[in-house]
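>>> turn this into a model:
(one chain, ligands or ions: 2)
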Amino acid sequence: MIYLDGNSLGPLPKSVDSALSSMVTDQWGAHLIKGWNVDDWMGQPMRVGNMIGKLVGAPEGSITMGDTLSVKVYQALSAGVQMRPDRKVILSDSGNFPSDLYMAQGLIAQLDQGHELRVVEPDDVMDAITDEVAVVMITQVDYRSGAVHDMAAMTAKAQAAGAVMIWDLAHSAGAVPVDLAGCGCEFAVGCTYKYLNGGPGAPAFIYVRPYVIEDIKPALSGWLGHDAPFAFDLDYRPAMGIERMRVGTPPVLQLTALESALAVWDGVEMADVRAASVRLTELFISEVEARCPELTLFSPRDPAHRGSQVSFAHAEGYAVMQALIARDVIGDFRAPNLIRFGFTPLYIDDADVTGAVDVLADILDNRVWDDPKYMAKSRVT
Ligand SMILES: Cc1ncc(COP(=O)(O)O)c(C=O)c1O
Ligand SMILES: Nc1c(O)cccc1C(=O)C[C@H](N)C(=O)O
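Residues are numbered from 1 along each chain as shown. Ligands and ions are numbered 1, 2, ... in the order given. All right, here's what the predicted structure looks like:
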């Protein structure tokens, strides 16, 4: 198999199977409830958060783990809106992943204070940052095109206009160098099942800039974000620091898989990963353009403006992708007409790229995709 879908679900790292089975047998099985203390399950969200922090330029103790990314988006958004009570606009772009926009719509309905979700074209975000905007919420790497927003420039513009900046790093963490502390944003969130290889349903992360955290009153005020969860007070009192963004019981099995998966990043420099990623995406684009004239590049041509994924448009993109998958070249399809490929240098090399293009060119040259069995849409694409 040539796996070019690590931008949606990373593969199984070799260490994870034994890490999970040891956790189940030696911790859960042997220690039962004592595991919360003797195996430090309670400390896992912070421990794993610190591992991720090293990959995204966040200081120790500024990231915690748990829940899904959609939930973490909601937490960051509600905190951001609360920080700017006099402003009513949440600004985002049409390249954002829909769940982020849906969470904003849900929050606005619940607040019922006249907030507006303003969605502009990706290229228009900078100009749309005005003094009406409470929060700018942007996914750094566009899930369809792979186009990259400049985190430092946009954060600076947002803050100069008095707005709070939230970055969604779902398609950035483990894919492109990120400097959260350097860019100065107030919030960042991301998932761990893509480039970080944490497995299906792996928990999300949330970063809050240290000086901001103490002012946040969490909207999801669960007991594990309480200052003293085991005091079982009847009233909520937020924990000190980033722990207040925890909600409930950590997903220990998923965090164990993720913690093991993250060990492969030890000694890996993001700059090296980025250089290899650029080489792979450049090779893929030049090979496809030379050999597959029916395909039109949808991603930015300049690698400086592209993440670690490449999309091409084809009118029958769904069927083309199904034919590729049937030949064990795995990418995915995004409506209405995009075939999307992720390039993950930890396990993809030049031979994978040229091998994938060999199959793609054959499928197009011989219209292999023009078959009813490749046209029928499945439930998850
Ligand atoms: C940019 C972005 N935001 C949010 C989500 C939603 O994440 P989750 O399903 O983990 O809530 C995804 C992926 O599904 C995504 O790519
Ligand atoms: N999270 C996913 C899932 O649970 C099922 C299928 C796909 C996903 C994804 O992550 C999709 C992904 N955010 C995307 O970029 O399209």
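>>> so what's the residue nearest to Trp265 when sequence neighbours are not counted up against?
Spatially, and ignoring its direct neighbours in sequence, Trp265 is nearest to Leu55 (6.1 Å; Cβ to Cβ, 6 or more residues apart in numbering). Every residue, glycine included, has its C-beta placed from N, CA and C. Neighbouring residues of Leu55 by Cβ atoms under 8 Å, 6 or more residues apart in numbering: 173-174, 178, 196, 265, 270.
>>> now those residues as a markdown table including secondary structure, neighbour count and distance to ligand 1?
Written out in a markdown table, the entries for the contacts of Leu55 read as follows (DSSP: H, G, I helix; E, B strand; the rest coil; neighbours: other Cβ atoms under 10 Å; distance: Cβ to the nearest ligand atom, whole Å):
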| residue | secondary structure | neighbour count | distance to ligand 1 |
| --- | --- | --- | --- |
| Ala173 | coil | 24 | 11 |
| Gly174 | coil | 29 | 13 |
| Val178 | coil | 22 | 14 |
| Leu196 | coil | 26 | 12 |
| Trp265 | helix | 19 | 20 |
| Met270 | helix | 20 | 19 |
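>>> now, the most widely separated pair of those residues?
Farthest pair in the contacts of Leu55 (Cβ to Cβ) is Val178 and Trp265. Separation: 13.2 Å.
>>> gap between the closest residue to Glu316 other than its chain neighbours and Thr192?
With Cβ to Cβ, 6+ apart as the criterion, Glu316 has its nearest non-adjacent residue at 5.8 Å, and that residue is Trp369. When distance is defined by Cβ to Cβ, to the nearest Å, Trp369 is 33 Å away from Thr192.
>>> who's more crowded, those two?
The residue with more neighbours, out of Trp369 and Thr192, is Thr192; 28 against 20, by other Cβ atoms under 10 Å.
>>> number of residues surrounding whichever residue of the stretch 101-250 of the chain sits closest to ligand 1?
Closest to ligand 1 within the stretch 101-250 of the chain is Ala170: 3.6 Å, counting by Cβ to the nearest ligand atom. Using other Cβ under 10 Å, Ala170 has 26 other residues around it.
>>> make 33 the starting number, not 1.
Right, with 33 as the first residue, what we last looked at is Ala202.
>>> could you pull up the residues touching the residue nearest to it when sequence neighbours are not counted?
Counting by Cβ to Cβ, 6+ apart, Ala202 lies nearest to Cys223, which is 4.8 Å off, once chain neighbours are set aside. Shown in contact with Cys223 (Cβ under 8 Å, 6+ apart): 100-101, 202, 205, 234, 236-237.
>>> could you rerun that using 6 Å?
By Cβ atoms under 6 Å, 6 or more residues apart in numbering, Cys223 lies in contact with 101, 202, 236.
>>> kindly indicate which of those residues lies nearest ligand 2.
Closest to ligand 2 out of these is Ala202 (6.0 Å), distances taken as Cβ to the nearest ligand atom.
>>> quick check: the closest one touching Ala220?
No - the pair Ala202 and Ala220 fails to qualify as a contact (Cβ atoms under 6 Å) at a distance of 10.4 Å.
>>> reformat the contacts of Leu87 as CSV; add pLDDT.
Converted to CSV, those look like this (pLDDT from 0 to 100):
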residue, pLDDT
Ala205, 98
Gly206, 98
Val210, 98
Leu228, 98
Trp297, 97
Met302, 97
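>>> got the residues of the chain near ligand 1?
Applying Cβ under 6 Å from any ligand atom, one finds that the chain approaches ligand 1 through 100-102, 129, 131-132, 171, 175, 200, 202, 223, 236.
>>> among the residues you listed, which are located in strands?
Within those, residues falling in strands by DSSP state E are 171, 200.
>>> all strands for this protein, in order.
All strands of the chain, identified by DSSP E, fall at 34-35, 95-97, 121-125, 148-152, 165-171, 196-200, 219-222, 237-240, 328-329, 341-345, 361-362, 364-366, 370-374.
>>> counting contacts, what elements does the first one pack onto?
Counting contacts by 3 or more Cβ pairs under 6 Å, 6 or more residues apart in numbering; DSSP states H and E, strand 34-35 is packed against helix 382-397.
>>> residues of the helix it packs on that come out buried?
The neighbour-count check on helix 382-397 (16 or more other Cβ atoms under 10 Å) flags 384-385, 388-389, 391-393, 395-396 as buried.
>>> of all pairs in those, which one is the farthest apart?
With distances taken as Cβ to Cβ, the most widely separated pair in the buried residues of helix 382-397 is Asp384 and Leu396, at 18.7 Å.
>>> what residues are up against the residue lying closest to Asn369 once chain neighbours are set aside?
With sequence-adjacent residues excluded and distances taken as Cβ to Cβ, 6+ apart, Asn369 is closest to Gly349, at 4.5 Å. Applying Cβ under 6 Å, 6+ apart to Gly349 gives the contacts 365, 369-371.
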